[in-house]
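> generate a structure from the sequence data that follows.
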Amino acid sequence: MIRVYLDKRREFFRQQNVIGIFLHMPSYWTWLLREIIISSWDVAKLILQPSLPISPTVVMLETETKTDVGQVILGNSITLSPGTVTLDLHEGKLLIHCLTSEGAKELQKGEANRRAANLERS
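This is a model prediction of the structure:
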């Protein structure tokens, strides 16, 4: 926490409300842990099937988050979930590789995007 305070004093985050984001992280982490468990189960079921029914898909996701910190939190959260990898972040758009097209559709519904944006609104 001291590191975050010092970085904020040095304007590392360009006047972003990082302290507000950290205060709301416990509920975000709880949701993210649940999503990681569900994704882990889904990927395990996929790879244990002899036919290996994957359909790799790359999608572009426009972030609802406006700050650099919020966009990085969203990108890292997506990468932490098995079956998805954030490939690139550029000008508020994430390029994401998904193991299945169903996973891509679920990601595009925007729940992760909405929750990461809610961190900033605090």
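> hmm, who's touching the top helix by length along the chain?
Assignment by DSSP state H gives helix 25-48 as the longest helix of the chain. Taking C-beta atoms under 8 Å, 6 or more residues apart in numbering as the criterion, the residues outside helix 25-48 that touch it are 52-54, 73, 77, 80-84, 99-100, 103, 112, 115-116, 119. Where C-beta positions appear, they are placed from N, C-alpha and C, glycine not excepted.
> repeat that with 7 Å
With contact meaning C-beta atoms under 7 Å, 6 or more residues apart in numbering, helix 25-48 is reached by 53-54, 77, 80-83, 99, 115, 119.
> dump the helix or strand where residue 72 lies to PDB, restricted to CA.
Using DSSP states H and E, the element containing residue 72 is helix 68-80. Presented in PDB, the C-alpha positions along helix 68-80 are these (Å, rounded to 0.1, in the frame of the first residue of the first chain):
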ATOM      1  CA  ASP A  68      -4.900   2.800 -17.700                       C
ATOM      2  CA  VAL A  69      -5.100   1.000 -14.300                       C
ATOM      3  CA  GLY A  70      -8.700  -0.100 -15.000                       C
ATOM      4  CA  GLN A  71      -7.700  -1.400 -18.400                       C
ATOM      5  CA  VAL A  72      -4.800  -3.300 -17.100                       C
ATOM      6  CA  ILE A  73      -6.900  -4.800 -14.300                       C
ATOM      7  CA  LEU A  74      -9.500  -6.000 -16.900                       C
ATOM      8  CA  GLY A  75      -6.800  -7.400 -19.200                       C
ATOM      9  CA  ASN A  76      -5.100  -9.300 -16.400                       C
ATOM     10  CA  SER A  77      -8.400 -10.600 -15.100                       C
ATOM     11  CA  ILE A  78      -9.200 -12.000 -18.500                       C
ATOM     12  CA  THR A  79      -5.800 -13.700 -18.700                       C
ATOM     13  CA  LEU A  80      -6.100 -15.200 -15.300                       C
END
